[in-house]
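A.B. asks: Predicted model and sequence follow; I will ask about them next.
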Amino acid sequence: MTSAKQLMFLLIISVLIVNSNRRFLFWDEEAREIVDVLPKDPKQIPTIYRVLDTETEYLLNDSMVVGVVVDGVPKAYPLMVLDRHEVVNDQIGETHIIASYCPLTNSPLVFTRPKQTSFGVSGKLFRNNLVLYDNVSETLWSQIYMRGIQGELKGASLDYHQCYMMRWGEWKKLHPETRLIALPDNFSEQEYMEDSYAEYRASPDPGVFPLKYQDFSIDQKDMMLAVTVGDETKAYPYSALQSERVISDTLGGQEIVVTWFAGSTQAFKAEGRLFVYDKGSWMRSNNGDNWDVLTGSMNGSSHKLEPAPCIPLYWFACKEFYPETQMYALDP
């Protein structure tokens, strides 16, 4: 009897260990896709922890910037700087933010961050995309997923903040009072002016590591706006957005509107309205009101549409992170 009980006890323990290992393997499935490329805080891609603004204009009108408006204050981060640094810790007014950019996936994203927490370049990649780390918990964060993928805060989300990727000349027209970050002193001015990813951008080859999910129905580096509502993600090709400028659609059971202006794309929850392009930077709702396509603000009112989380990125990256994504298609 005793040995039967012992056998049953050992059997139960074995089952618990197997199930525990299964949960562990499942839990760490994403962690196994994290690839070490460089040491943490690599000298080749130094994180910016202290930002200075400048009144000296060093950009050409055609230079690309990632712009934000925080607490009513517009600010621009040149792509030539983000190419070299990828992560910028900044404070605008009382709000602490991270301006991030991954050249491999061509994805700019801005997040708000806790006051005492800084984020840096981990030197790792996850599905060919930037992995950040924070200096408090040392958690690793996926830029595109906008959440922790390994460490103490695994599964926690970063707070998305609207940003705009467009040419400096267009950004200045929209925001003549914009702030501009000064060139850091990590590299020479000539090095900042050079496109360090020119060869990669000109190549049709996606990423630097093999892809987990592939779809060759269109070019791997076609630009998309990936919009997520609930559990559903949809990809809007830049070609379709440039053609239609304003797209009313349904995603995740909600009506949304996706917009294009001056090369920058946005998405908003439509609050039951249908929108069409009007003129300039305006769209018109089915009740006759005019709305700004970039901010979602109603003309003559303080009312604004709620942004829908969206990410500009290459098509291959969209499939890597959202393999079940739908793709918007123009009507034939």
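C.D. replies: On my side now, so go ahead.
A.B. asks: What are the boundaries of the strands in the stretch 51-200 of the chain?
C.D. replies: 64-70, 73-78, 87-92, 95-102, 107-112, 119-126, 129-134, 140-142, 147-150, 159-161, 164-167, 179-180 (DSSP state E, counting those that start in this stretch).
A.B. asks: for the stretch 201-332 of the chain, that is, sorry about that
C.D. replies: So, for the stretch 201-332 of the chain - with DSSP E, counting those that start in this stretch - the strands run 223-229, 232-237, 246-251, 254-261, 264-269, 275-279, 282-285, 290-292, 310-314, 326-327.
A.B. asks: mind saving the C-alpha coords of the third one as CSV?
C.D. replies: The C-alpha coordinates for strand 246-251 follow below in CSV (Å, rounded to 0.1, in the frame of the first residue of the first chain):
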residue,chain,number,x,y,z
VAL,A,246,-9.2,59.4,-46.2
ILE,A,247,-10.5,55.8,-45.7
SER,A,248,-13.5,55.0,-43.6
ASP,A,249,-13.5,51.4,-42.5
THR,A,250,-14.5,48.9,-39.8
LEU,A,251,-12.0,47.1,-37.6
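A.B. asks: any idea of the mean pLDDT in that strand?
C.D. replies: For strand 246-251, the mean per-residue pLDDT is 97.
A.B. asks: how about Glu30, phi and psi?
C.D. replies: phi -70, psi -40 (degrees, to the nearest 10).
A.B. asks: For the nearest residue to Pro78 once chain neighbours are set aside, give me the pLDDT.
C.D. replies: Spatial nearest neighbour of Pro78, chain neighbours left out: Val65 (5.2 Å); criterion: Cβ to Cβ, 6 or more residues apart in numbering. For the C-beta atoms, the positions are set from N, CA and C on the backbone; glycine is no exception. In this model, Val65 is scored at 98, pLDDT.
A.B. asks: Could you report the distance from Val65 to Gly123?
C.D. replies: As judged by Cβ to Cβ, to the nearest Å, Val65 and Gly123 stand 26 Å apart.
A.B. asks: So which of the two has more stuff around it?
C.D. replies: Val65 (28 against 17; other Cβ atoms under 10 Å).
A.B. asks: Would you confirm that that one contacts Glu170?
C.D. replies: No. Between Val65 and Glu170 there is no contact under Cβ atoms under 8 Å: 9.1 Å.
A.B. asks: Mind listing the shared neighbours of the two?
C.D. replies: When contacts are counted by Cβ atoms under 8 Å, 6 or more residues apart in numbering, Val65 and Glu170 have no shared neighbour.
A.B. asks: Save the strands of the stretch 51-200 of the chain as a markdown table, and put in distance to Glu199 too.
C.D. replies: Below are these laid out as a markdown table (distance: least, Cβ to Cβ, whole Å):
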| stretch | distance to Glu199 |
| --- | --- |
| strand 64-70 | 17 |
| strand 73-78 | 20 |
| strand 87-92 | 23 |
| strand 95-102 | 17 |
| strand 107-112 | 19 |
| strand 119-126 | 18 |
| strand 129-134 | 19 |
| strand 140-142 | 26 |
| strand 147-150 | 29 |
| strand 159-161 | 31 |
| strand 164-167 | 21 |
| strand 179-180 | 28 |
